[in-house]
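Participant: let me see the structure of the following:
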Amino acid sequence: MADKTNAIRLVEQAKIPCREAFYEFDEKDLSGLHAAAAVGMPAEQVFKTLVARGERTGINVFCIPVCCELDLKKAAKAAGDKKIELVAVKELLALTGYIRGGCSPVGMRKRYPTFIDETCILWDEIAVSAGARGHQMILPPEALAKLVGATMMDIIQ
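Facilitator: Coordinates of the predicted model:
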């Protein structure tokens, strides 16, 4: 069993019910669709964490189903900005403390404004990265949103 990640520790400290799922990851395929298939959950129920920079608002975090694309116009509107762009992968570690394929909305280096696609409420629980490649945490979306101070909005295409 892998050591507990910071994200898992924070979820446990908040007394949020959570299950963990581990899977073999492939450096050549870090896609969320691979993660969903590996943990045996529908792609609509597994959420990826994307980090974007607004021209006025700075860094924002977006969690969306792995089968969907972030709508940059909706994301900018959610963040209160005119324009927003995804950050370069090489910036991810410095900004969040996480690497591509293991970026969790929980336990980032700084607390950024966070938005979770509103489809999360269709599920009793959703999966998000637990902060390491090949490691998902499965928890109630409302509890996740409360923990990270997220707003639920329509942010997908």
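
Participant: rest of the way, CA atoms for contacts and neighbours
Facilitator: OK.

Participant: centre-most residue in the protein?
Facilitator: When C-alpha atoms, centre = their mean is applied to the chain, the residue found nearest the centroid is residue 49 (2.7 Å).

Participant: what's the helix or strand hosting that one in contact with?
Facilitator: Per DSSP states H and E: residue 49 is located in strand 47-54. Residues from elsewhere that reach strand 47-54 (C-alpha atoms under 8 Å, 6 or more residues apart in numbering): 32, 58-66, 76, 79, 81-87, 92, 103-105, 126-129.

Participant: ditto for stretch 122-138
Facilitator: Applying C-alpha under 8 Å, 6+ apart, the contact partners of stretch 122-138 are 5-8, 18-25, 35, 45-49, 98-99, 101-106, 120, 139-141.

Participant: can you flag which of the residues you listed belong to strands?
Facilitator: The strands, defined by DSSP state E, take in 19, 20, 21, 22, 47, 48, 49, 139 from the contacts of stretch 122-138.

Participant: can I get the residues you listed in a markdown table including pLDDT and distance to residue 148?
Facilitator: As requested, the ones in strands among the contacts of stretch 122-138 are exported to a markdown table (pLDDT from 0 to 100; distance: C-alpha to C-alpha, whole Å):
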| residue | pLDDT | distance to residue 148 |
| --- | --- | --- |
| 19 | 97 | 18 |
| 20 | 97 | 18 |
| 21 | 96 | 21 |
| 22 | 95 | 23 |
| 47 | 98 | 15 |
| 48 | 97 | 15 |
| 49 | 97 | 12 |
| 139 | 98 | 13 |
